[in-house]
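[1] Mind looking at a prediction? Sequence and model below.
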Amino acid sequence: MTYILNIETATKNCSVSLAKNGETILCKEIAEQGYSHAEKLHVFIEEIVKEANVNFSEIKAVAVSKGPGSYTGLRIGVSAAKGLCYALQIPLISIDTMQVLAKKANVDGLIVPMIDARRMEVYSAVFDKNLNKIKEVEAEVLTENSYQDFDQTVYFVGDCQEKCQTVLVKDNFKFLPEIIFPSANEMSVLSFEKFQNNDFEDVAYFEPFYLKDFMLTK
């Protein structure tokens, strides 16, 4: 019996799930404009473990969404995950945020998860229906030429679909407005697969995948 705690804080969605053998037992999340991760994350962790009637000593690993995404959100999530791993002496697992977001789309076609990076720039990747990555994660500026090379149906998911629709116009482009943020619920299967393969991170040296340097603006 393998319990894994999953933490997703790469976007406005502060999300935590507890999974047993790859199946989500409980998931708590809240998406607020002001990023309430610092206040909510540890509360969610405590509540989930208590409500699931599981002891922290029974948790076999902690998985964290590694990015790209919000600099502050990623720092909060990774810091919490590393702290738990240190305290409990258990492995740390990192999951590609884009894969977590793409997993929410149960479609027959290509999946393009996107996270807003301000103006017309987004963090994006491309997956097939089996979640095999066919285009690596990148920060790109969207134009009317973006993704025109794909002839099969392309499904766009994420928190920037409204602005995407102003430039991404093609008959085979589809938008799924109900899928906005990645969730720890979709991390359960992915983290269990990595656990079974002993695919762990170095707790001391692991850093989030920011993709772009953090910049302070006035």
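    Alright, I've got the coordinates. Numbers count the residues shown, from 1 in each chain.
[2] Please, where are all the helices along this protein?
    Assigned by DSSP state H, the chain shows helices spanning 37-51, 71-88, 97-102, 161-164, 187-196.
[3] Check the gap between G83 and A105 for me.
    32 Å (C-beta to C-beta, to the nearest Å). (C-beta placed from N, C-alpha, C; glycine too.)
[4] Then L41?
    Noted for L41: a distance of 26 Å to A105, by C-beta to C-beta.
[5] For the residue nearest to T2 when sequence neighbours are not counted, give me the pLDDT.
    Once flanking residues are discounted, T2 sits nearest to K60: 5.0 Å by C-beta to C-beta, 6 or more residues apart in numbering. K60 is assigned a pLDDT of 98 by the prediction.
[6] returning to what we had before: so which of the helices of the chain is the most surrounded?
    helix 97-102 (a mean of 29; mean count of other C-beta atoms under 10 Å).
[7] what packs against that one?
    Secondary-structure packing of helix 97-102 (3 or more C-beta pairs under 8 Å, 6 or more residues apart in numbering; DSSP states H and E): strand 110-116, strand 121-127, strand 133-141, strand 154-158, helix 187-196.
[8] export that helix as CSV, just CAs?
    The C-alpha coordinates for helix 97-102 follow below in CSV (Å, rounded to 0.1, in the frame of the first residue of the first chain):
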residue,chain,number,x,y,z
THR,A,97,3.4,20.8,-14.8
MET,A,98,2.5,20.7,-18.5
GLN,A,99,1.9,16.9,-18.3
VAL,A,100,-0.3,17.4,-15.3
LEU,A,101,-2.4,20.0,-17.2
ALA,A,102,-2.5,17.9,-20.3
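[9] contacts for it?
    Helix 97-102 is contacted from outside by 8, 10-11, 65-69, 111, 113, 115, 123-125, 127, 131, 133, 137, 157-158, 179, 181-183, 186-187, 190, 209, using C-beta atoms under 8 Å, 6 or more residues apart in numbering.
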